[in-house]
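Participant: A predicted structure for the sequence below; I have some questions about it.
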Amino acid sequence: MQELPMRLGFGQFNELTEERVNFIKQVGVQDVIIHYPKLPGDRRWEYEDILALRRQIENVGLRFGAIENVPTHFYDKIMLGLPGREEQLENMKWTIHNMGKAGVPIFGYHWMPNSVWRTDPQPVRGGAIATAFDYEVAKQRPLTHGRVYTDEEMWDNYTYFIKAIIPVAEESGIKLGIHPDDPPVESLGGIARIFRNFENFKRAMDIIKSPCHGLEFCQGTWAEMGEDVYSVIRYFGGEKILYVHFRNVIGSVPKFKESFINEGDVDMYKAMKTYKEVGFKGILIPDHVPHMTNDLPWSYISRAFAIGYMSALLQVVESDS
């Protein structure tokens, strides 16, 4: 099979509708990443259901780029080291095996048992509304899981998981990409957030060496960390970065807000050029976008602006090479 080039896609939705398919095609995109897909199963997913999802995507002329996230309750006991984690691990192995068998190339996952956090939304350009985060406000929230979970507990639990799951991914022909903790702070709701900086990602990649062990590269979250985004792209390169959330932000922890793609702190042309230079061959998707005036659910107007901007950047970068 011929290798595909760096290209644009869409994610942040859990099912295809005729309206969404038409929109995706009209803006010139073919690749999709399904986010928390609506599949049967309370503890694991079966091969036939994943294959049916793939066929649904391909039957409307799109390409299946990745599955992003299973329900958190599929592996929350693993993340927190709770009784029942062995059963969850066996179910996760089965689900990942079935993804690979069904031809899903990438599974994007996170290590946030209490999810993504934001505080009150904030206005951005022209009065559009974007999500925002203030760590001082978030610190006032109560424990989410009854007690404090330390860095080392979360590392121990991650090591247990990744050492067991990567051999299954290798056998099944699927790559696994870890998403950064968003927001990337030390702790939220009493649970340590270990995927919060560059050094911790290097540590995670060193736990087990495998081409199937990589990054779901949320560029917006890396910007929230205050890291040099371009240097991080160069370090992990075109092999460890499996796909990209091409998002921009204003500010970094402890206080930031999301922004229009061409409004934030990251030079998005420089970022796109850096992906090209390191040989990245995957998909870049618009991630969270501001809510614009009279926009529709799923922020169609804002996503159209983002993908149009990304298309122009990609065209320029490709023509420069």
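Facilitator: Noted; the coordinates are in hand. Numbering: from 1, shown residues only.

Participant: just the strands in the stretch 151-300 of the chain please.
Facilitator: 175-178, 187-188, 191-192, 213-218, 241-245, 249-252, 255-258, 283-285 (DSSP state E, counting those that start in this stretch).

Participant: tell me the mean pLDDT over the following helix or strand past the last one?
Facilitator: Scanning forward in sequence from strand 283-285 by DSSP states H and E, the next helix or strand is helix 300-320. The pLDDT scores in helix 300-320 average 97.

Participant: list the buried ones in helix 300-320?
Facilitator: Within helix 300-320, the residues that qualify as buried are 300-307, 309-310, 313-314, 317, counting by 16 or more other Cβ atoms under 10 Å. No exception for glycine: its C-beta is placed from N, CA and C like everyone else's.

Participant: Could you do stretch 210-218 as well?
Facilitator: Buried residues in stretch 210-218, counting neighbours by 16+ other Cβ under 10 Å, are found at Cys212, His213, Gly214, Leu215, Glu216, Phe217, Cys218.

Participant: beta partners of the last one?
Facilitator: Read that as Cys218. Applying DSSP bridges to Cys218 gives these bridge partners: His245.

Participant: what does the third one give?
Facilitator: Here Gly214 sits in beta bridges with Gly177, going by DSSP bridges.

Participant: Excluding chain neighbours, give the residue nearest to Pro113 in space.
Facilitator: Distances taken as Cβ to Cβ, 6 or more residues apart in numbering put Met79 closest to Pro113, at 4.5 Å, once the chain neighbours are dropped.

Participant: which regions of the protein sit below the pLDDT cut-off?
Facilitator: 1-2 (pLDDT under 70).

Participant: Can you show me the helices along it?
Facilitator: 18-26, 47-59, 76-80, 85-101, 135-138, 151-172, 198-207, 219-225, 229-240, 268-277, 300-320 (DSSP state H).

Participant: closest one to Val70 among those helices?
Facilitator: Closest of these to Val70 is helix 85-101, at 6.3 Å (criterion: Cβ to Cβ).

Participant: Buried residues of the closest one, list them for me.
Facilitator: 85, 88-89, 91-100.

Participant: got it, and stretch 118-131?
Facilitator: Arg118, Thr119, Gln122, Val124, Ala128, Ile129, Ala130, Thr131.

Participant: Please look at Arg196 and Pro180 and confirm they touch.
Facilitator: Yes - between Arg196 and Pro180 there is a contact under Cβ atoms under 8 Å: 7.1 Å.

Participant: quick one: which of those two has more around it?
Facilitator: Ranked by neighbour count (other Cβ atoms under 10 Å), Arg196 and Pro180 place Pro180 first, with 27 against 23.

Participant: which residues do Arg196 and Pro180 both contact?
Facilitator: Met225 (Cβ atoms under 8 Å, 6 or more residues apart in numbering).

Participant: What is the end-to-end distance of stretch 165-180?
Facilitator: 19 Å (Cα to Cα, to the nearest Å).

Participant: for stretch 101-120, that is, sorry about that
Facilitator: 42 Å.

Participant: Pro254: how many residues sit nearby?
Facilitator: Neighbours of Pro254 (other Cβ under 10 Å): 16.

Participant: Name the nearest residue to it, ignoring sequence neighbours.
Facilitator: Excluding the flanking residues, the one nearest Pro254 by Cβ to Cβ, 6+ apart is Tyr135, at 3.6 Å.

Participant: follow-up on the earlier one: nearest to Phe260, of the buried residues of stretch 118-131?
Facilitator: Using Cβ to Cβ, the buried residues of stretch 118-131 come closest to Phe260 at Val124, 6.3 Å.

Participant: My guess is the closest one contacts His288. True?
Facilitator: No - counting by Cβ under 8 Å, Val124 stays clear of His288, with 11.7 Å between them.

Participant: Tell me the residues that contact both of the two, please.
Facilitator: With Cβ under 8 Å, 6+ apart as the test, Val124 and His288 both reach Ala130, Glu258.

Participant: picking that back up, now render the strands of the stretch 151-300 of the chain as JSON lines, adding distance to Glu48.
Facilitator: Shown next, in JSON lines, are those (distance: least, Cβ to Cβ, whole Å):
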{"stretch": "strand 175-178", "distance to Glu48": "22"}
{"stretch": "strand 187-188", "distance to Glu48": "37"}
{"stretch": "strand 191-192", "distance to Glu48": "35"}
{"stretch": "strand 213-218", "distance to Glu48": "26"}
{"stretch": "strand 241-245", "distance to Glu48": "25"}
{"stretch": "strand 249-252", "distance to Glu48": "40"}
{"stretch": "strand 255-258", "distance to Glu48": "38"}
{"stretch": "strand 283-285", "distance to Glu48": "26"}
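
Participant: For Asp156, grab the count of nearby residues.
Facilitator: Asp156: 12 neighbours (other Cβ under 10 Å).
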